[in-house]
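Undergrad: Kindly generate the corresponding structure for this input.
(chains A, B, C and D)
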Amino acid sequence: MSAVAAEGLWKFFGDFPALRDVSFRVEAGACLAVLGRNGAGKTTLLRILSGLSKASRGSVSILGRDARDAATRRCIGVLGHGIAVYEELTAIENLRLFGRLYGLENPGRTAQEWLERTGLEHVRDGLVREFSRGMRQRLAVARAFLHSPSVLLLDEPFTALDDRAVAVLQDLLRGALAEGRTILMSTHQLREALELATHAGLVDRGRLVYLGPRTAEMLADPGWLYRHYGEA
Amino acid sequence: MRFLRQCLTIAVKDLRSELRSKEAINASLSFALVILLLFSFAFDPTAEHTREISGGLLWLVFAFAGALILNRSFSRELTNDCLEALIAAPISGSALFLGKALANMLLLLAVEMICLPVFGVFYNARWTGQFPTLLSVTVLATWGLTVIGTMFSALTVNLRLRELMLPALVYPMMIPALMAAMQLTTLLIAGEPIAGEQLVWLRLLIGFDIIFTALALALAETVLVG
Amino acid sequence: MDERNLTYMFYGLSAAWLILAGYVLSLAAREKRLKRQLDNLKRMIEERERK
Amino acid sequence: MKENNFRRNTLYGLAVLAALLLARNLHVILRGLPDEEEQGAIYRIIFFHLPAFFTAAVCYLLALVSSALYLVKRKARYDALAAAATEVGLAFAAVNLITGMIWARIIWGIWWTWDARLTWALVCWLVYAGYLMLRRAIEDPSERARNSAVLSIFAFVSVALTWKAIEWWRTQHPGPVLRIRGAEGAMDPAMESMIYWNWLALLLVGAVLLAVRMRQEQMAREIDALRRHAHAL
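TA: Below is the predicted model of the structure:
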């Protein structure tokens, strides 16, 4: 049973097909990097997978169940464009809030543990409003990993991160892969993302034009996929 | 059971971040007090004159001041795209809606309980006469306003012109609740019991609350998730 | 026909007709605008595809 | 293209039929019907005042049903129908409101009284005008359809509740005059049948306007799709 699967997936904005008949399967433990130009449909695909919006046609299943079920969403970690942490709450309050929402037995302890893993234990009771950009990003990463999700959906995770946050995220992702979790991330052929990826996919104007193992050539020359599979 | 716990988590989160920043509650409170002051210039509050307009005046103040809190309920989630994280979390749309409505309700009631004594002083109206009934009518009516206000805050959350549109959308919808509240409050402050023909307003208020709460819970998921 | 307040009857009927006529005119204007936008877009897309 | 021609022809046919019926009704109203003792000529406004209200009510109901259908079936057709029905309903409600005010000016002596039905008609108008305002504010057609469908359901329920509230509050409006509303013999049968005849005429006009407005809604969706397509190139 594959970790993430889509069958004949369509998504319309009015009459405009943002996603056209997208079908794919991602096995557990794989790390799929989805490439594509802006507006190709990467973010739309990730939003549907993370249950933020519904597919117009076709189906999406995560760990065998529909993406919008509460049980499924308990094992999905989402890191979107926005860092999604509350400015008026402290670091520990933010993590405890999401811990409780995700139904963890001991939200306080898990939150403390993840503050340490992302190097934020010294600002445990500081308001996020006073945090630097890097600290907020690391808190967002902690929020995404808090409930040890078996599937991670990341929307261009490395784009706006500072170096330290990139390092933290890469270690966590490597650790997650080692533990057999599944990662699906959209990216702009950034080296950090491609390095981790076991598979690569290309979305071009709403269609999944390529899905296969990430080869060495792709890593060496990030434009390779676009030239071979992307339309002019 | 999980549904209620999740609602409370959301409500506590909203109340904590509101009480820490106090943006909406300060604005709402000062707005209410200013209107109370201005109304006293609009019609000079002689004793028996205030008796007729007390309900109308109070609930106009509550509706306008309350809107400042209600409009913020979902727009406060826009900084850092927190709404996306809440919708992606394993919490149903209706639990999220109910949690926010509960938080709004408490904030609105706080503003109202501060305005009542001030109103009593400004217009020397004896509002403590039938306070338990007055309180229950206020809670019922405030819940009606909260459900409509919170729902429309969700409906218009990602619109640029949100602040301009909300009054025009929300107030016509609140008319039944506001009318009932005004009639009942005027009666209570005048010291008369709610009896006989006036009971119809109480039934309307309860009906309004039940219908719109059910409708809002049923449609919250559709509004929040694509 | 009874002449009393005939003028107001005239105002009433003409008001009814004017409102409906006004709405029909606004629909016609909107139709023209939409058609023009549609044609412009179609032409623009064809040019871009041919390039 | 054949299907379009057929639709356009039926539309023209319907429009001509509506125009003919309206002209015939107007002729009968002005020429054929007897006078009314107290009110004088002004009473003839009722042949537009009342049917306009019924047509508006039909439109609002249609908007409710198609909005609910949209939420269930998510077909663009229902969204277009809801938008068109609301707009046409608002036009007829305006006719009802204005003719009501002109009639009130003569019979009650003042342009506006806070009478139950007049107030309620105004509230309906504001609520559904808010619906159109929300529609104009949302760009993405799918989100617009979804949110306005929810708003349309809220609007209908709120308007129904408001009717009850205002009725208890105060009513000066003359009692029901139609036989179906349990008012035996209050109205000359010829007059009463004219109300239904003109209602039919207004319904036809409404249907034509509805069809035109729906086609425009579909055209707007097409423009939006082309614009997004051009953007994606």
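Undergrad: So which residues on chain D come close to chain A?
TA: Within chain D, the positions near chain A by CB under 8 Å from any CB of the partner chain are D:74, D:76, D:140-142, D:221-222, D:224-225, D:228-229, D:231-232. Backbone N, C-alpha and C define where each C-beta goes, glycine included.
Undergrad: Within range of chain D, give me the residues from chain C.
TA: Counting by CB under 8 Å from any CB, chain C sits next to chain D at C:1-6, C:8-9, C:11-13, C:15-16, C:19-20, C:23-24, C:27, C:30-31, C:34-35, C:37-38, C:41-42, C:44-45, C:48-49.
Undergrad: Residues of chain B that sit close to chain D?
TA: Counting by CB under 8 Å from any CB, chain B sits next to chain D at B:148, B:151, B:155-156, B:159-161, B:165, B:168-169, B:172-173, B:175-176, B:179-180, B:183, B:200-201, B:204, B:207-208, B:211-212, B:215, B:219, B:222-223, B:226.
Undergrad: what comes up buried for the helix or strand of chain B with the lowest mean pLDDT?
TA: When the helices and strands of chain B are scored by mean pLDDT, DSSP states H and E, helix B:47-75 comes last with a mean of 86. For helix B:47-75, the neighbour count (16 or more other CB atoms under 10 Å in any protein chain shown) marks B:50-51, B:53-59, B:61-63, B:65-75 as buried.
Undergrad: For chain D, which segments are assigned as helices?
TA: Applying DSSP state H to chain D gives helices spanning D:2-27, D:46-73, D:76-107, D:116-137, D:141-169, D:189-232.
Undergrad: Burial check on residue A:212, number of neighbours?
TA: 12 (other CB atoms under 10 Å in any protein chain shown).
Undergrad: how about the helix or strand hosting it against chain D, any contact?
TA: According to DSSP states H and E, residue A:212 maps onto strand A:207-213. No - Strand A:207-213 is not in contact with chain D by CB under 8 Å from any CB; minimum separation 11.5 Å.
Undergrad: can you give me the offset of that strand from its chain's centre?
TA: 18 Å (CA atoms, centre = their mean, to the nearest Å).
Undergrad: picking up where we left off before, hmm, which of the residues of chain C next to chain D are the buried ones?
TA: C:2, C:4-5, C:8-9, C:11-13, C:15-16, C:19-20, C:23-24, C:27, C:34, C:37, C:41.
Undergrad: can you list the weak-confidence ranges in chain C?
TA: Residues of chain C that meet the criterion pLDDT under 70 lie in C:1-4.
Undergrad: So which bits of it are right by chain B?
TA: So chain C never meets chain B (CB under 8 Å from any CB).
Undergrad: neighbours of the residue of chain C found nearest chain B, just the number please.
TA: Proximity of chain C to chain B (CB to the nearest CB) peaks at residue C:26, 20.4 Å away. Residue C:26: 12 surrounding residues under other CB under 10 Å.
Undergrad: how far away is it from residue C:33?
TA: To residue C:33, residue C:26 is 11 Å away according to CB to CB, to the nearest Å.
Undergrad: Let me see the ranges of the strands in chain A.
TA: A:4-13, A:16-26, A:31-35, A:57-62, A:65-66, A:76-79, A:151-155, A:182-186, A:199-204, A:207-213 (DSSP state E).
Undergrad: Which among those strands is found nearest to chain C?
TA: Taking the strands of chain A one by one with CB to the nearest CB, strand A:16-26 is closest: 12.1 Å.
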